[in-house]
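>>> okay, sequence plus prediction incoming.
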Amino acid sequence: MSNLRSTLRHPDDFYPLVKLKLAMRKAEKQIPAEPHWAFCYSMLHKVSRSFALVIQQLDTDLRNAVCIFYLVLRALDTVEDDTSISTEVKVPILKTFHRHIYDSEWHFSCGTKNYKVLMDEFHYVSTAFLELERGYQEAIEDITMRMGVGMAKFICKEVETVDDYNEYCHYVAGLVGLGLSKLFHASGKEDLASDTISNSMGLFLQKTNIIRDYLEDINEIPKSRMFWPRQIWSKYVNKLEDLKYEENSIKAVQCLNDMVTNSLTHAEDCLKYMSALRDPAIFRFCAIPQVMAIGTLALCYDNIQVFRGVVKMRRGLTAKIIDRTKTMSEVYGAFYDFSLMLKSKVDEADPNARKTKDSLETILKICRDSGTLGQRKSYIVQRKPEYNATLIAVIFIIMAILLAYLSSM
């Protein structure tokens, strides 16, 4: 019902939502017949439906490599995330995980729900990995090894400084950017991007997730997961968990804005990376998550709800982004719109207002200088849409028919 109310408030979400639903149904029907590949693609749909949709656009060889790369790193992340595993057990597994991907019989039980299934049946992933071309295997092994070592380091070390924060994000996400650049290059479709901008692609996404997931991470049982750097949060509170208490709301929002401002420093590199991509499918695969990230940062900025619940884009806006992100000009338009949205929320009294505005102006200037902003569809509705009761009734009827049809497929 909440999705329906949202669609009525934003009627232009309706068509992209239907297209997204149909595309997801189509992707779910394109799962390979071989048992190990069937498991891998089925699992991909379960742990990340949006990623599974975008990955389907890649050519078969690259699609298979990226699918396995994602699942291997998701499995590694499952080991890191499971706070019930003792450090003595966890650290050696993280450091040697890259070897297990060559063992079609290895598995390790941990995690919950779909992630537990992934770990219990990991031999399917290993079997599929062994069928990849050697260039893909080497890239996946290298990144898995480096990521496992980095994760192990931060199991025994807290994120104290901003440098620690950047290093941690490099290990868990920047290396993903480096690995994907290697896979794209191995496919012959792209030049090898520099490590610096590849790293920024991962850091921009990871830092957005760390900001958005504050409450979930701090409330993790049996032990809190704390990724916000002490160098930032200690300026506002004595303990990281103090940010979630109502009496600290003003300081919490200031700290949040500081974190968002830190994330924005990677946007320039991300735009540079995406502007150099040649293959349309690879471009969409890379660009959609980046547009989602800048949009999420715009929603989170100055938003106390980050410390009260879940802040995320409405489903219709997500569908619009997936539908519209096809060219670099559309990426410039999206970054421009969301940066303007974020800029409109900056309070001059905020301790980091000047720094935030400077970062945003850098993004806005890059987008303006692209010369592509003249013809674009804005992601931000500037005025309230006007529609009457008849239109609402028609939308209700159409949605009911479509939902009934899709449910019967």
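Arrived safely, thanks for sending. Residues are numbered from 1 along each chain as shown.

>>> the stretch 301-409 of the chain: helices as residue ranges?
With helices called from DSSP state H, counting those that start in this stretch, the stretch 301-409 of the chain shows them at 315-324, 328-343, 353-369, 389-408.

>>> contacts for the second one, please.
Residues outside helix 328-343 that contact it (C-beta atoms under 8 Å, 6 or more residues apart in numbering) are 260, 267, 271, 274-275, 283, 287, 290-291, 294-295, 297-298, 301, 321, 324-325, 356-357, 360, 363-364, 366-368, 370, 372-373, 376-380. The way it works is simple: take the backbone N, C-alpha and C, and place the C-beta from them, glycine included.

>>> could you export that helix as CSV, CA atoms only?
Taking C-alpha atoms only, helix 328-343 is exported to CSV below (Å, rounded to 0.1, in the frame of the first residue of the first chain):
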residue,chain,number,x,y,z
MET,A,328,27.0,9.8,-19.8
SER,A,329,24.9,12.9,-20.4
GLU,A,330,22.2,11.3,-18.3
VAL,A,331,24.7,10.6,-15.5
TYR,A,332,25.8,14.2,-15.6
GLY,A,333,22.2,15.2,-15.3
ALA,A,334,21.5,12.9,-12.4
PHE,A,335,24.6,14.0,-10.5
TYR,A,336,23.7,17.7,-11.2
ASP,A,337,20.1,17.3,-9.9
PHE,A,338,21.0,15.3,-6.8
SER,A,339,23.9,17.7,-6.0
LEU,A,340,21.5,20.7,-6.3
MET,A,341,19.1,18.8,-4.0
LEU,A,342,21.8,18.3,-1.4
LYS,A,343,23.1,21.9,-1.7
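
>>> can you give me how far it is from the chain middle?
17 Å (C-alpha atoms, centre = their mean, to the nearest Å).

>>> what about it, average pLDDT?
Per-residue pLDDT over helix 328-343 has a mean of 97.

>>> for T112, see how far away S194 is.
According to C-beta to C-beta, to the nearest Å, S194 and T112 sit 38 Å apart.

>>> equivalent analysis for A267, please.
34 Å.

>>> coming back round to it: weakest of the helices of the stretch 301-409 of the chain in terms of mean pLDDT?
helix 389-408 - the lowest mean pLDDT of the helices of the stretch 301-409 of the chain, at a mean of 57.

>>> returning to that earlier point: of the contacts of helix 328-343, buried ones?
Neighbour counting by 16 or more other C-beta atoms under 10 Å classes 260, 267, 271, 274, 283, 287, 290-291, 294-295, 297-298, 301, 321, 324-325, 356-357, 360, 363-364, 366-367, 370, 372, 379 among the contacts of helix 328-343 as buried.

>>> residues touching H98, list them.
141-142, 144-145, 148.

>>> kindly report the same for M313.
By C-beta under 8 Å, 6+ apart, the contact set of M313 is 292, 295-296, 299, 321.

>>> now with 7 Å, please.
292, 295-296, 299 (C-beta atoms under 7 Å, 6 or more residues apart in numbering).

>>> which members of those are the farthest-apart pair?
Farthest pair in the contacts of M313 (C-beta to C-beta) is M292 and L299. Separation: 10.5 Å.

>>> I figured L132 hits N64, correct?
Yes - the pair L132 / N64 is scored as a contact, 6.5 Å apart, by C-beta atoms under 7 Å.

>>> how much space separates the residue nearest to R74 when sequence neighbours are not counted from K116?
Of all residues not flanking R74 in the chain, V47 sits nearest, at 6.0 Å (C-beta to C-beta, 6 or more residues apart in numbering). For V47, the distance to K116 equals 11 Å [C-beta to C-beta].
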